[in-house]
Every structure is written in structure tokens, then in C-alpha cells.
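J.: could you work out the structure for the sequence below:
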Amino acid sequence: MSARAAALWAIPFAIVGLLLRVAAHLTDFTLLVDPFPAGILLELLAFGLSVGLPLAAYLLLTRRDRVAPATWVLDPAGRRIVAGLAPRPAGLTLIGVALWAPLVLDTERVAGESYRQFAGFDPLAVVSLIGAALLFTALAVSVATGRPWVALDRDGIVRQDLFRRDRVGWDELTADQPTWWTRLRTRALQVGRIKLPVSSLHIDPTLMAFTIRNYRRVPELREQIGTAESLALLHDAYRSSFVDTLAP
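T.: Down below sits the predicted model:
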């Protein structure tokens, strides 16, 4: 399964999780089941299942052996190689927001019934609900569009965020740019005047470091970017000699 498909699976899991949490949030299990301790246990069980099932199912679906390797993806039409959106960071965040969202709604018991109803909207609840909706929408759009992503072509590096695209040319990179070993442990790599969101990308950060640094040092290699032969040579070189290539 491609990383793109794995990320898209987060959307239905998030919707299912949201519906499960709403159903559990509106059900008063302490009145539904007697005696008293059984109702509390059932409510805890419902909470655990409504949260755990979507997360566990998505984690199982996106196991490493089920998803394509974290590496560059060839885009022959665009004559470039692309590091796309990593499934788990974006997908788990989307599902987590969907599971959290019902908690911003205040509920109250209905006399004589085993369910709750919404207690109305105070200003804080309205602000929280709008914030949750905006966050969920932004994450869903990110997953649906596969953003952010980073691409390399013969002219330089392209970073596509949710709404913004930036490019930096190979000639804009200084000889000592970037400093890989101090940057790889962070969430972003500073490359010229832009940062690459490595923690959100489906690629080994050291492979990205190896690739950019070599294309910066050897301009002749850039003309072949986007071909299957060039990508195969890149992977062979990375596996055999990346330690020497990355040495300062």
C-alpha cells in the first residue's frame, strides 16, 4: 500500500471515531445498567472502545510491513523525485482530534432517560467547537491533498505546505548548508531560506540529507533527476557509502 493510500485511510477512521465518541458521550451508562458499579465499568469500557478501536485499527493498517518504504517517489511526468506525506503523524493526529472534539460539548442528563442531551452553547463552548472544527478541517485537507510534500528537480527544492509553495535553487545553497547532524534531530531541516518538515514526510531523513547534499555538490547529477536510472543509482550510493558522503 502506498503512503498516500495509508494516509487517506485516516479520514474514514476519524469519522467513525467521531461518531463513536458522540454516541458514548451522549449515553448515560450509570442509568442504563444496574447496579451502580456495573454502569461505571460499562462507561469506562465504552470510552476505551470508542477511543481504542479507531486508533488500533489505523495503527494495524499502517504497519511498516504494509506500507511502501519511506523513500523518494519517482514523478517522471514532473521530472522530479518527491517525499510525500507520512501516514502516521498526520493520520493519528486527525483521528485524535476527532476523538477529542465531542468533549468540548457540554451535556446534561435527561430526567428518567438513559441518555444525555446537549446543554446549550456558552461562549467558551462555541469558541472551543469552532477551534476543533477548524483544526479537524485543516488536518483533513492536509491528509486529503497529501500535504506537506517536498520535491527535488533539476532547478532546486520545492516545499509544498498546506496553502503555500516555496522553492530554493541549488545555487542558493551554501557549501556548508545544511548542517545535517545538528538538524536531523529536529522537526525541520533548514535548507537555504526554507525549512523542510522532515517529521511529516515519508522518507528517511538521512536519505534526504544524502540526496540534497550530493546534488548540491555535483551539479552534473541534477540533469538526471526524475529518471528511474538516477533514482536507482541514488539508492545504491546511499546504501554503500552514505557515511563517507555525509562526513563534514
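J.: can you pull the buried residues of stretch 129-149?
T.: A132, F136, L139, A140, S142, V143, G146, R147, P148, W149 (16 or more other C-beta atoms under 10 Å). The C-beta positions use only the backbone N, C-alpha and C, and glycine is treated the same way.
J.: pLDDT on the helix or strand harbouring the second one, on average?
T.: If I follow you right, that is F136. According to DSSP states H and E, F136 maps onto helix 123-145. In this model, helix 123-145 has a mean pLDDT of 85.
J.: likewise stretch 23-43?
T.: Averaged across stretch 23-43, pLDDT comes to 70.
J.: quick check: end-to-end length of that stretch?
T.: 11 Å (C-alpha to C-alpha, to the nearest Å).
J.: can you show me the strands along the protein?
T.: Ranges of strands in the chain, per DSSP state E, are 73-75, 80-83, 107-109, 116-118, 149-153, 156-160, 165-169, 189-191, 194-196.
J.: for this structure, name the helix or strand with the lowest mean pLDDT.
T.: Every helix and strand of the chain was ranked by mean pLDDT, DSSP states H and E. The lowest is helix 180-183, at a mean of 45.
J.: which residues of this structure score low on pLDDT?
T.: Across the chain, the ranges flagged by pLDDT under 70 are 29-36, 38-39, 106-121, 174-189, 241-248.
J.: quick check: the most centrally placed residue in the chain vs G48, distance?
T.: By C-alpha atoms, centre = their mean, the mean C-alpha position of the chain lies nearest to A90, the distance being 2.0 Å. Between A90 and G48 the computed distance is 24 Å (C-beta to C-beta, to the nearest Å).
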